[in-house]
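In: take a look and give me a structure for this.
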Amino acid sequence: MKINLTEKQIGVLRFFRDFRTAHGISPTLEEAAAEIGVSKITVYEHLNQLIKKGAVHRDKAKARSVTVLYDPDRDSLSPEGEASIPLVGTIAAGRPIEAIENREDILLTDLVPHGDSHYLLRVRGKSMIEDHIDDGDMVVIEHRKTARNGEIVVAIVDDEEATLKRFYQEDGRVRLQPANSSLDPIYPDRVEIRGIVRAVIRSV
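Out: Reported below is the predicted structural model:
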């Protein structure tokens, strides 16, 4: 389904889409205006037109609430403006637990990049609470087999247990660091990276 947009509207739409993909949240009007190089009122007017055309949704009561429903580079509008991503199981944010594979498709709005390189895991435990990842939240995971120091990873520990922790490689060993000052880090003998956290979906 193609929506007729002006070049300026397409530029605004792309910015909001790409910002959400990179940061997991939508920009404020001030951030968008500064980056695009226009006034805040101009961004506001473009968004109003995009809303009328069904390309975005915005909750005016919230600062970061612009949801992109239409991708101008694909001429596509997902059913009800939503895209699906698989929820494949549960991940421990506490002691490592056995990974659970139980695929279920979850409908999201403009949260992840297009393609099949992402999946969801529901968080169990509070070891990442200081990184604002709580029990019951869902995390958007990008499939990756390597990680940089400081990234939050899905890790298989000692060939059998899965956990969500910050990854550090230091002094010839791997440290999996919880974001909870009451817990100790994990120093596994073997660790396999299964993905990197790209966004968090809060439980209600």
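
In: mind checking how far stretch 47-67 is from the chain centre?
Out: How far stretch 47-67 lies from its chain's middle: 19 Å, per C-alpha atoms, centre = their mean, to the nearest Å.

In: same question, stretch 123-130
Out: The answer for stretch 123-130 is 17 Å, by C-alpha atoms, centre = their mean.

In: for that stretch, output the C-alpha coordinates as PDB.
Out: In PDB, the C-alpha atoms belonging to stretch 123-130 read as follows (Å, rounded to 0.1, in the frame of the first residue of the first chain):
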ATOM      1  CA  VAL A 123      13.000 -11.800  31.400                       C
ATOM      2  CA  ARG A 124      12.900 -13.800  34.600                       C
ATOM      3  CA  GLY A 125      14.600 -12.300  37.700                       C
ATOM      4  CA  LYS A 126      16.000  -9.000  38.800                       C
ATOM      5  CA  SER A 127      19.800  -9.200  38.200                       C
ATOM      6  CA  MET A 128      19.600  -6.500  35.500                       C
ATOM      7  CA  ILE A 129      17.300  -4.100  37.400                       C
ATOM      8  CA  GLU A 130      19.900  -1.400  37.600                       C
END
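
In: tell me where this structure has strands.
Out: 56-58, 66-68, 70-71, 76-77, 83-92, 97-98, 104-108, 118-124, 138-143, 152-157, 161-170, 173-177, 191-201 (DSSP state E).

In: pLDDT-wise, which helix or strand of the protein ranks last?
Out: strand 97-98 (a mean of 41; mean pLDDT, DSSP states H and E).

In: which stretches of the chain have low pLDDT?
Out: 1-2, 61-62, 75-90, 92-116, 203-204 (pLDDT under 70).

In: swap in 50 and give it another go.
Out: Low-confidence segments of the chain (pLDDT under 50): 76-83, 95-115.

In: list the helices and strands the biggest helix by length in the chain packs on?
Out: Using DSSP state H, we find that the single longest helix of the chain is helix 7-23. Other helices and strands packing on helix 7-23, by 3 or more C-beta pairs under 8 Å, 6 or more residues apart in numbering; DSSP states H and E, are helix 29-36, helix 40-52, strand 66-68. All C-beta atoms are positioned from the backbone trio N, CA, C, and that covers glycine.
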